[in-house]
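In: Just a sequence and a predicted model for now, questions to come.
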Amino acid sequence: MANKSKFIDYIDEALEKSKETALSHLFFTHQGIPYPITMCTSETFQALDTFEARSDDIVLASYPKCGSNWILHIISELIFAESNKKYEYPEFPILECGDPEKYQRMKQFPSPRILATHLHYDKLPASIFNNKAKILVIFRNPKDTAVSFFHFHNDVPDIPSYGSWDEFFRHFMKGQVSWGSYFDFAINWNKHLDDENVKFILYEDLKKNLTAGIKQIAEFFGFSLTGEQIETVSAQSTFQAMRAKSQETHGAVGPFLFRKGEVGDWKNLFSETQNKEMDEKFQECLAGTPLGAKLKYESYCHA
Ligand SMILES: Nc1ncnc2c1ncn2[C@@H]1O[C@H](COP(=O)(O)OS(=O)(=O)O)[C@@H](OP(=O)(O)O)[C@H]1O
């Protein structure tokens, strides 16, 4: 992240608040969805209603742990490749995190602005749609997402831990985690994947063929780059390359955030019963839907 200090300062501040926060006090609910009090406030949510998106904003939508830092990095590398200018992060890039005045300050920022968000589709500010900003949405299979989420809580020393993986799993399945239910997030997005200005990308596809994924992302946002430039961005966006720089880009939390970057790590934690429960939930919520097919659940979530 180019403006390291601001980005890292924000993360460090959130970690500092986390230190003093017990898990039982971590969440507050806004419009039915739990958010971490260390990162979100109701004042900021109120101010978000006044946020004015621009048609050339780059919106990156994802449920937590589905690869938002990955696509943020890819976009900033694409901007650098095209303009030779480092993308400066004047604010923490998650749209709904920060103080309520940030939207006023953001009015002064040059285009293109990168807006990452974990908000559910129906909670996004209306101006994103009204002003036709392009949205890239990244999904990851729910089993690896849950495992990544659990490790983040339990590995980062300052973030409140769960008593066990089983306890986390119960909360995840009920949507009692930051930004609410994966399945609600997915059901919400399912109806909008073919909307104008929306592009879907799958974490597992990006993992399988990073260069092809980056090419699609570049085309969607209208970057005109040579094959060689795309290759360079790709080489800088592998898990290993990003992890190696993670302390520099994300501070102390970096090595925890860039933990494993693998597909199928869920096999190390899920019990038979948990597998069955999640398979049933998928069946109930997403089987037979366009997103259900795009997630390739059979390939990535069956042993
Ligand atoms: N380059 C690259 N390649 C493969 N995987 C990557 C990459 N960058 C980040 N990641 C993995 O994404 C997981 C973190 O997701 P997020 O960035 O969305 O986390 S957060 O919600 O913003 O905290 C987290 O997954 P796990 O390793 O499974 O925990 C990261 O390792």
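Out: That came through, no problem. Residues are numbered from 1 along each chain as shown.
In: Please see if stretch 77-97 touches the ligand.
Out: No - Stretch 77-97 is not in contact with the ligand by CB under 6 Å from any ligand atom; minimum separation 7.5 Å. C-beta coordinates here come from the backbone N, C-alpha and C atoms, glycine included.
In: same check, this time on stretch 105-122
Out: No - Stretch 105-122 does not reach the ligand (CB under 6 Å from any ligand atom); its nearest approach is 6.6 Å.
In: who's in contact with L95?
Out: By CB atoms under 8 Å, 6 or more residues apart in numbering, L95 lies in contact with 48, 51, 115-117, 119, 125.
In: What about those, which are in strands?
Out: The strands, defined by DSSP state E, take in 115-117 from the contacts of L95.
In: re earlier: mind checking which of the contacts of L95 are buried?
Out: With burial judged by 16 or more other CB atoms under 10 Å, the buried subset of the contacts of L95 is 48, 51, 115-117, 119, 125.
In: Just put the residues you listed in TSV and tack on pLDDT.
Out: Compiled in TSV, the buried ones among the contacts of L95 are given as follows (pLDDT from 0 to 100):
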residue	pLDDT
L48	98
F51	97
L115	98
A116	98
T117	98
L119	98
P125	98
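In: for the residues you listed, which one is nearest the ligand?
Out: Nearest to the ligand among the buried ones among the contacts of L95: A116, at 7.7 Å, using CB to the nearest ligand atom.
In: so how far is stretch 10-30 from its chain's centroid?
Out: 18 Å (CA atoms, centre = their mean, to the nearest Å).
In: correction: stretch 111-130
Out: Relative to its chain's centre, stretch 111-130 lies at 13 Å (CA atoms, centre = their mean).
In: Please renumber the chain so that the first residue is 50 from this point on.
Out: Yep, numbering from 50; the last one is stretch 160-179 now.
In: For that stretch, buried residues please.
Out: Applying a neighbour-count criterion of 16+ other CB under 10 Å, one finds 161-170, 172-174, 176-178 buried in stretch 160-179.
In: Could you do stretch 270-289 as well?
Out: Residues 270, 272, 274, 278-279, 281-283, 286 are the ones in stretch 270-289 that count as buried (16+ other CB under 10 Å).
In: Filter the residues you listed to keep only those in contact with the ligand.
Out: When contact is defined as CB under 6 Å from any ligand atom, these meet the ligand at S286.
In: Could you dump the buried residues of stretch 270-289 into TSV with secondary structure and pLDDT added?
Out: Listed next are the buried residues of stretch 270-289 as TSV, based on DSSP: H, G, I helix; E, B strand; the rest coil; pLDDT from 0 to 100:
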residue	secondary structure	pLDDT
F270	helix	98
F272	coil	97
L274	coil	97
Q278	helix	98
I279	helix	98
T281	helix	98
V282	helix	98
S283	helix	98
S286	coil	98
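In: State the pair within the buried residues of stretch 270-289 that is farthest apart.
Out: Spanning the widest gap among the buried residues of stretch 270-289 are F270 and T281, at 17.1 Å by CB to CB.
In: sorry, back to before: and which of the buried residues of stretch 160-179 is nearest to N317?
Out: H167 (24.9 Å).
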